Structures are given as C-alpha cells and as structure tokens.
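> just the structure for this:
(one chain, ligands or ions: 1)
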Amino acid sequence: VGYPGRLANAIAQRWPQALRVGRAVFDITDRSRVLDTINQLRPVVVVNCAALTDMKRCEQEQQLAWAVNVIGVRNLAEACQRIGAFFVQISSDYALKPVNEYAWTKRASEAFADLTIRAKLYDHSHWAWDSLMHGSSVKLLTTEFLNPISTTTLALTIEHLLKRGTRGLVAVGTRERLSFWEVGRVWAHALRVNPDLVEAVEQIESTLPRLVDMYLDPVPLAAISIPVFSLEEDAALHLEAMQSDSQ
Ligand SMILES: NC(=O)c1ccc[n+]([C@@H]2O[C@H](COP(=O)([O-])OP(=O)(O)OC[C@H]3O[C@@H](n4cnc5c(N)ncnc54)[C@H](OP(=O)(O)O)[C@@H]3O)[C@@H](O)[C@H]2O)c1
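The predicted model follows:
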C-alpha cells in the first residue's frame, strides 16, 4: 500500500509478484473501502508505505496528517485483523523523540501493526544524492547524526523479518552513526564523484524543529542474524538496484 511512493517502488522491485495498491484502489482514510477491498483481495501480508511524508504539510494540515498517518493505519490494521493478514507499518526515526506534527503522527502510528519498523529512509530522489549525482555541491550538517537505510535494503530487511516472523517494534538502519556530512561523503564515494562536493556546515535555516540524534540502534537486528550493512555497502546495493531497474 502506498504505491508508487519511494519505498513501495523498492518493494515492488523486490517482489514483482506483489499487488501494488495506490490511491486508485483506495484512500487509506476511507475505512469502508479499505475493509471491503482487503476483504476481497485476501492478502497474506500487507506492508503500509502510504503516509503524508511532507513535514511542512503535516504542520499546516494537521487534521489530514492524523487522518492519513494514524487513522489510515488503524483502518488497514482493522482490515488485516479481520482476515488474519499480517500487517507491517513503516514508522520513522522522528518517532524516537517527536518534535513536530509529522513525528507525533508517526509515533502514534506505532500502536496498530503486527510488525512496526522504525527507519530513516533514503533513495536516489533524496536532494543531496540527486545533487551529487549531477555533480553539484551540497552543504550538509556536521551536527546531526543518523544511520539511514536505502529503500532497496529496507525492502530486503522486511523480507528477512517476515521470514523470521518477527513481531513488535523493530529499529532498522545501517551500521554506523554518522553525521549528515559523513553520509554525504559516503554517497559521493559510491557515486564516484569528488567528496569535496560535500561541504560541512554546523547550522542550517529550518522553520521546523529538527532532531539532532536520529540514530536507530541496529544491534538487536544483527542479534537475530539479519544482515546490517555499512552505509557504503547499502549505497552500493541501492545503485545496483537502480541500474537493474533501468535495464
Ligand atoms: N522518506 C523518508 O525520508 C522516510 C524516513 C523515515 C520513514 N519514512 C516512512 O516510510 C514510509 C514510506 O515513505 P516514502 O518515502 O516511500 O513515502 P512517499 O514517497 O511520500 O510515498 C507515500 C505514498 O503514500 C501515498 N498516500 C498518501 N496519502 C495517502 C492516502 N490517504 N491513501 C493512499 N495513499 C496515500 C502517496 O500518494 P500521493 O503521492 O498521491 O499522495 C505516496 O504514493 C512512510 O510511512 C514514511 O513515513 C520515510
């Protein structure tokens, strides 16, 4: 659910046989449509990638943010429960310490699913990755820390978690805690562009409160023998998936 969003695309690439559900099938806030459609489709597993992910919009349209990011998730959970389907919800690193409306909705979305995954996602549409890919310089913070995971690797990790029947709240991420600036340098290296295109800054103008430490400890994941990659390996996997997708 949430096709053709970024993560839903990566999941569709990993499981081409999976049914892709977008807005044309249902709006997740439409409870009766969600219940009826899931009842007809009879999926075994539902992965919800639908969300209002634009943080500024969540701030401006709070009712919509709660309707999509929380009530929509509850609707899907109810539909899955009725037919015994396993329900997977994607939460966010921002749920660690809610500092804005998006973050509060993502924290609240963690109450409903059989398996909830907290992650900081990226793909090639990330503004910094995209700029570097086109040889443009980027300014990235040395004062915010994270361990982002590509949509490609997250799709693979979801598969591992499903195979193990893992339940509950699981944090997913790459191995190292890096600053945004270090993340940019690793991406530059993966993209074979000059790492000096990544400029270090200590502050940026932001209208929204930000989290300084978004690190999601992946050690429990490694403890259940799920592969945890370095960011360099993760970026290489994503590039490989992009290349095979364009062939
Ligand atoms: N991207 C990140 O940096 C990031 C980080 C951490 C966690 N996450 C979480 O990971 C999940 C996937 O994120 P993503 O980056 O793949 O999101 P995305 O690219 O923004 O895609 C979200 C999809 O959900 C759809 N959608 C929105 N409202 C809907 C509704 N009411 N009913 C049905 N579909 C609806 C959107 O359709 P429209 O385009 O038509 O609105 C879009 O196709 C989300 O739960 C997000 O919160 C994302």
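
> run through the residues of the chain sitting next to the ligand.
2, 4-7, 23, 27-29, 49-53, 68, 72, 90, 92-93, 106, 119-121 (Cβ under 6 Å from any ligand atom). C-beta coordinates here come from the backbone N, C-alpha and C atoms, glycine included.

> ok, longest helix in this protein?
Ranked by number of residues, the top helix in the chain under DSSP state H is helix 231-246.

> in helices, which of the residues of the chain next to the ligand appear?
Checking those against DSSP H, those in helices are 6-7, 72, 106.

> farthest-apart pair in these, please.
The most widely separated members of those, counting by Cβ to Cβ, are 6 and 72 (17.5 Å).

> okay, the two: which has more neighbours?
Neighbour totals were compared for residue 6 and residue 72, and residue 72 leads with 26 against 19 (other Cβ atoms under 10 Å).

> please name the residues that touch the more buried one.
27-29, 34, 48, 50 (Cβ atoms under 8 Å, 6 or more residues apart in numbering).

> for residue 183, same thing?
So, once contact is read as Cβ under 8 Å, 6+ apart, residue 183 ends up touching 128, 140, 146, 148, 231.

> secondary structure element for it?
According to DSSP states H and E, residue 183 maps onto helix 180-190.

> do the same with residue 9
Using DSSP H and E, the element containing residue 9 is helix 6-14.

> what does the average pLDDT come to for that helix?
Across helix 6-14, the average pLDDT comes to 97.

> and the next element down the chain from it?
helix 31-41.

> what is the rounded mean pLDDT of that following helix?
Averaging pLDDT along helix 31-41 yields 98.

> next, the buried residues of it.
Residues of helix 31-41 classed as buried by neighbour count (16 or more other Cβ atoms under 10 Å): 31, 34-35, 38.

> ok, now stretch 205-212?
residue 211.

> what about residue 200, which SS state?
Under DSSP: H, G, I helix; E, B strand; the rest coil, the three-state class of residue 200 is strand.

> for it, list the residues it contacts.
139-140, 142, 181.

> identify the residues contacting residue 168.
Residue 168 makes contact with 115-116 under the criterion Cβ under 8 Å, 6+ apart.

> buried ones among the contacts of residue 200?
Buried among the contacts of residue 200 (16+ other Cβ under 10 Å): 140, 181.

> farthest pair in the contacts of residue 200?
Greatest spatial distance among the contacts of residue 200 (Cβ to Cβ): 139 and 142, at 10.3 Å.

> list the residues that contact both of the two?
With Cβ under 8 Å, 6+ apart as the test, residue 139 and residue 142 both reach 200-201.

> now do stretch 93-109: distance to the chain's middle.
With Cα atoms, centre = their mean, to the nearest Å as the basis, stretch 93-109 stands 13 Å off its chain's centre.

> partners of the most centrally placed residue in the chain in the sheet?
Note on the chain: the residue nearest the mean C-alpha position is residue 121, at 4.1 Å, using Cα atoms, centre = their mean. With DSSP bridges as the criterion, residue 121 is bridged to residue 149.

> give me the pLDDT for it.
At residue 121, pLDDT is 98.

> wait, doesn't it sit right on residue 151?
Yes - Residue 121 is within contact range of residue 151, at 5.7 Å (criterion: Cβ atoms under 8 Å).

> so what sits against both of those two?
6-7.

> what about the longest strand in this protein?
Using DSSP state E, we find that the single longest strand of the chain is strand 86-92.

> quick one: strands adjacent to that one?
Strand 86-92 pairs in its sheet with strand 45-48 (parallel), strand 115-119 (parallel), by DSSP bridges.
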